[in-house]
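A.B. asks: Build me a model:
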Amino acid sequence: MPDDIASSNVNRSFSLSATSIAIFTFTLVFLYPRYSAGEIDGLLFQAALIVMGVATFCLALASVHYYGSSLVGHVDDASRRAYARRGDDFWGAGYYLLFLSPSLILFTVGLVVVGSVWFGLWALALFWGVRHFPGFRSRPDHGGPAA
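C.D. replies: Model prediction:
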C-alpha cells in the first residue's frame, strides 16, 4: 500500500472513531436520563451502546493496522500487506456497525417507522458491502486496491 494511502486510511479511520465517540456521548447525554426513568426500551438502548462501542473499537483497530502498514523500513512488505488487509476488515466492520446504530436509537425512542426505514437502508448497504467490498480491499500481491 502506498504511504499516502496508508496515511489517509489512518486519518479516515481515526475520524470515524472520533465521530462514533461523539455519537456515543450524545446518546448518553440525551437518552440515559430517559433510560433511568424507564421511559425507553432498556434492551434497545444498551444494544445501541454496544454497537457503537464495537464500531469504535473496530475503527480504532483499523487505524492501528493502517498505521502498521505505513511503517516503511520498520516492517517487511508481507507484514505491511497483512496490516493493510486487516485494517480494511476492521474498517468495514466498524463502518457498517456505525451505520446500524441510528436505527437502534430510533427504535429505542419509539420511532418505529423511521427506524425501520433506516434499518432497511442499513441492510441494503450491508448487502452491497458484502458483495462489493472485497473488490476494494488491499490486494495481497502489491497492497493496492483490487482490480
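A.B. asks: got the phi/psi numbers for His74?
C.D. replies: Main-chain torsions, His74, degrees, to the nearest 10: phi -100, psi -20.
A.B. asks: if I pick Ser63, what's in contact with it?
C.D. replies: Val10, Ser13, Phe14, Ser17, Gly87 (CB atoms under 8 Å, 6 or more residues apart in numbering). Placement of C-beta: from N, CA and C, glycine included.
A.B. asks: If I follow the layout properly, Leu16 ends up in contact with Leu97?
C.D. replies: No: counting by CB atoms under 8 Å, Leu16 stays clear of Leu97, with 10.6 Å between them.
A.B. asks: Most neighbours among the contacts of Ser63, which one?
C.D. replies: Gly87 (27 neighbours; other CB atoms under 10 Å).
A.B. asks: got the contact list for Ser116?
C.D. replies: Ser103.
A.B. asks: What average pLDDT does whichever strand or helix holds it get?
C.D. replies: Under the criterion of DSSP states H and E, Ser116 resides in helix 112-132. For helix 112-132, mean pLDDT rounds to 93.
A.B. asks: now swap in stretch 55-63 and tell me
C.D. replies: For stretch 55-63, the per-residue pLDDT averages 91.
A.B. asks: Can I get it in CSV? Just the C-alpha atoms.
C.D. replies: In CSV, the C-alpha atoms belonging to stretch 55-63 read as follows (Å, rounded to 0.1, in the frame of the first residue of the first chain):
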residue,chain,number,x,y,z
ALA,A,55,-17.9,0.1,16.0
THR,A,56,-15.5,2.4,17.7
PHE,A,57,-13.2,-0.4,18.7
CYS,A,58,-13.1,-1.8,15.1
LEU,A,59,-12.4,1.7,13.7
ALA,A,60,-9.6,2.3,16.3
LEU,A,61,-8.1,-1.1,15.4
ALA,A,62,-8.3,-0.2,11.7
SER,A,63,-6.3,2.9,12.5
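A.B. asks: Right, I'll call it a day here.
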